[in-house]
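[1] Task: produce atomic coordinates for the following.
(chains A and B)
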Amino acid sequence: MRLTEFFGFDVLLKGSNMLRLLEGLMVALKISLISVAISLILGTVLGIIVTFKKPAINAIFRVYLEIVRIMPQMVLLFIVYFGAARAMGLNLTPELSSVIVFSFWGIAEMADLVRGAVTSIPRIQYESSQALGLRTYQTFLYVILPQTVRRIIPMSINLITRMIKTTSLVMMIGIVEVLKVGQQIIEANRKSSPNAAFGIFATVFLLYFIACYPISRLSVYLEKRWSI
Amino acid sequence: MSDNAKEILKIEHLFKDYDNTPVLEDIDLTVNKGEVVVIVGPSGCGKSTFLRCLNGLESIREGRITLDGEPVDPNNRSIYKIRERIGMVFQSYDLFPHKTILQNITLSPVKVQKRDKKETEKEALELLERIGLSSHKDKYPRQLSGGQKQRVAIVRALIMHPEVLLLDEITASLDPEMVREVLDVVLSLAREGRTMVIVTHEMGFARAVADRMIFMDGGHIVEEGSPDEFFDRPKSERLRSFLKTFDYEG
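    Numbering: from 1, shown residues only, chains lettered A, B, ... in the order given. This is a model prediction of the structure:
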């Protein structure tokens, strides 16, 4: 028996298995990237709103953030997908449920990152902008936000890769994404290649790595380019 | 002061407090066009707060500040227009760290005053040339020394063509060897006839640059006069003892 067969990598070449895995990866990436886009945009907006320090809004935000941090993502998925269907009669597709849950999570974390970064910009940056006659929106647009973006890059890249990785949970509500496809392939080949689990899961690992590594390299590049 | 001197900045009965603790009490001051007014006083006497009131960075409780007849009021939308006409440089380095020196200088004239970008850059380069920093135009603030940064901050205020320039202890956080290069720039501005209100702890510089000296203590203007009177024949005991703290011979 050759080594590739021993570790079950040969299963990848059977039929359209490799293609199916890639399709599964696309499903995972689609859910995560849509959620990431929503989280980055709405999270930034929410984060800025929180810096205005309106007591009611900030109280709600703190509760929201705590819920997101305490609740396991899987529980949230179950609540939205199974719970909402039962209790509210909402028939959400698994994909939409996943995007809702991941965005719910991402917006909170992103908003907290933005809030932290905006409040860490020294007061003198606001004051010297004011003294130069910049309007409030210009101060945000040209002075505060560019510095905020530079500060949140490492943490937000970390958030994005965590979101991509966590999409492996969505198979629990029936979405056939890369990990689920892997399981199906392993099941289907249990007799002929009993060791396929290693090869297939190793491939899934590699696919996640290929998806996330460029993003973390981008972070390193941007940090260097924008170092303050 | 000659009688026909044109008033530019007028402060009448200014009261200011933080949480009901009075910081400035009944300040009256008129600054004429081309005049350099230097304010000195012990730490916490309210001189920086006073300066910040002059371009609406602080709200005031009572009184009136006017620039050429127009009110300086942070709660009025006109404050933005007013601030374009009043330049200010702060103690701490306030350049924008994510922008190059040239971008720091041109941001406001281009975005706020909607001036032509090419012409603004040309003017910025001329101003940088004057302070000997034109070769640093594409550097970032972190690559400059403290003294260089403060000179750039002055240029950034000047390019707005302000009618009044406010300088708030601009050498206070500099290493001693860099103080001179910054103060020389301010002296040359004074010689050009720029209207300035300066808060400083550099007594030698104050005497050289001032047309009029103001001594503030406890939120009041305690004494004012020409530099010679002020330093050689102080009238109040408080000013005498304040000036003594700068005198190492006695």
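[2] how about the helix or strand harbouring A:Ile152: buried residues?
    If you go by DSSP states H and E, A:Ile152 is part of helix A:145-166. Buried residues in helix A:145-166, counted by 16 or more other Cβ atoms under 10 Å in any protein chain shown: A:145-153, A:155-157, A:159-161, A:163-164, A:166. C-beta here means a position set from N, CA and C on the backbone, and glycine is covered the same way.
[3] Please apply the same query to stretch A:215-228.
    Of the residues in stretch A:215-228, those buried by neighbour count under the rule 16+ other Cβ under 10 Å are A:Ser219.
[4] thinking in terms of the whole chain, how far from its middle is that stretch?
    19 Å (Cα atoms, centre = their mean, to the nearest Å).
[5] Could you pull up the mean pLDDT of it?
    The average pLDDT within stretch A:215-228 is 81.
[6] can you check stretch A:13-31 too?
    88.
[7] what residues does chain B put near chain A?
    For chain B, the residues found near chain A under the criterion Cβ under 8 Å from any Cβ of the partner chain are B:55, B:57, B:80-81, B:83-84, B:86-88, B:90, B:92, B:94-98, B:107-108, B:111-113, B:140, B:142, B:153, B:156-157, B:160.
[8] Just the buried residues from those, in ChimeraX please.
    To isolate the buried ones among these in ChimeraX, judged by 16+ other Cβ under 10 Å, type:
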select /B:55,57,80,83,84,86,87,88,90,92,94,95,96,97,98,107,108,111,112,140,153,156,157,160
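[9] Which stretches in chain A count as strands?
    Counting by DSSP state E, chain A has no strands at all.
[10] any weak-confidence spans in it?
    Across chain A, the ranges flagged by pLDDT under 70 are A:1, A:227-228.
[11] which bits of it sit near chain B?
    Going by Cβ under 8 Å from any Cβ, the residues of chain A near chain B are A:122, A:124-125, A:127-128, A:130-135, A:138, A:142-143, A:146-147, A:150, A:226, A:228.
[12] on that earlier part again, hmm, who's touching the helix holding A:Ile152?
    With contacts defined as Cβ atoms under 8 Å, 6 or more residues apart in numbering or on different chains, helix A:145-166 is touched by A:28-29, A:32-33, A:35-36, A:39-40, A:73, A:102, A:105-106, A:109-110, A:113-114, A:116-118, A:120-121, A:125, A:208, A:211-212, A:215-216, A:218-219, A:222-223, A:226, A:228, B:96-98.
[13] mind running it again at 7 Å?
    Residues outside helix A:145-166 that contact it (Cβ atoms under 7 Å, 6 or more residues apart in numbering or on different chains) are A:29, A:32, A:35-36, A:73, A:102, A:106, A:109-110, A:113-114, A:117-118, A:120-121, A:208, A:211-212, A:215-216, A:219, A:222-223, A:226, A:228, B:97-98.
[14] just to revisit the earlier point, just the ones in helices from the residues of chain B next to chain A, please.
    B:80-81, B:83-84, B:107-108, B:111, B:153, B:156-157 (DSSP state H).
[15] now the residues you listed in JSON lines, with pLDDT?
    As requested, those are arranged in JSON lines below (pLDDT from 0 to 100):
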{"residue": "B:Tyr80", "pLDDT": "92"}
{"residue": "B:Lys81", "pLDDT": "92"}
{"residue": "B:Arg83", "pLDDT": "94"}
{"residue": "B:Glu84", "pLDDT": "93"}
{"residue": "B:Leu107", "pLDDT": "96"}
{"residue": "B:Ser108", "pLDDT": "96"}
{"residue": "B:Lys111", "pLDDT": "95"}
{"residue": "B:Ala153", "pLDDT": "96"}
{"residue": "B:Arg156", "pLDDT": "96"}
{"residue": "B:Ala157", "pLDDT": "95"}
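[16] Could you identify the most distant pair in those?
    Greatest spatial distance among these (Cβ to Cβ): B:Lys81 and B:Ala153, at 21.7 Å.
[17] And A:Lys224, how far from chain B?
    For A:Lys224, the distance to chain B equals 13 Å [Cβ to the nearest Cβ, to the nearest Å].
[18] From the residues of chain A next to chain B, list the buried ones, please.
    A:125, A:127-128, A:130-134, A:138, A:142-143, A:146-147, A:150.
[19] Most widely separated two among those?
    Pairwise distances across those (Cβ to Cβ) peak at 24.4 Å, for the pair A:Gly133 and A:Arg150.
[20] Name the nearest residue to the residue nearest the centre of chain A, ignoring sequence neighbours.
    Centroid-nearest residue in chain A, with Cα atoms, centre = their mean: A:Met163, separated by 2.3 Å. Spatial nearest neighbour of A:Met163, excluding adjacent residues (Cβ to Cβ, 6 or more residues apart in numbering or on different chains): A:Ser32 at 5.1 Å.
[21] ok now do that neighbour, which residues does it touch?
    Counting by Cβ under 7 Å, 6+ apart, A:Ser32 touches A:102, A:163-164, A:167.
[22] Next, count neighbours for A:Ile31.
    For A:Ile31, the neighbour count with other Cβ atoms under 10 Å in any protein chain shown is 24.
[23] Would you agree A:Tyr126 is in contact with A:Phe140?
    No: using Cβ atoms under 7 Å as the test, A:Tyr126 is too far from A:Phe140 to be in contact (9.4 Å).
[24] residue boundaries of the helices in chain B?
    Under DSSP H, chain B gives helices at B:47-54, B:79-85, B:101-111, B:117-130, B:146-158, B:176-191, B:203-209, B:227-232, B:237-244.
[25] got the contact list for B:Met196?
    B:36, B:165, B:167, B:189-190.
[26] how close does B:Ile39 sit to chain A?
    For B:Ile39 relative to chain A (Cβ to the nearest Cβ), the value is 18 Å.
[27] you'd agree that residue is up against B:Ile214?
    Yes: contact criterion Cβ under 7 Å: B:Ile39 and B:Ile214 qualify, at 4.5 Å.
[28] Quick check: the gap between the residue nearest to A:Gly47 when sequence neighbours are not counted and chain B.
    Counting by Cβ to Cβ, 6+ apart, A:Val114 is the residue found nearest to A:Gly47 once chain neighbours are left out, at 2.6 Å. Using Cβ to the nearest Cβ, one gets 16 Å for the distance from A:Val114 to chain B.
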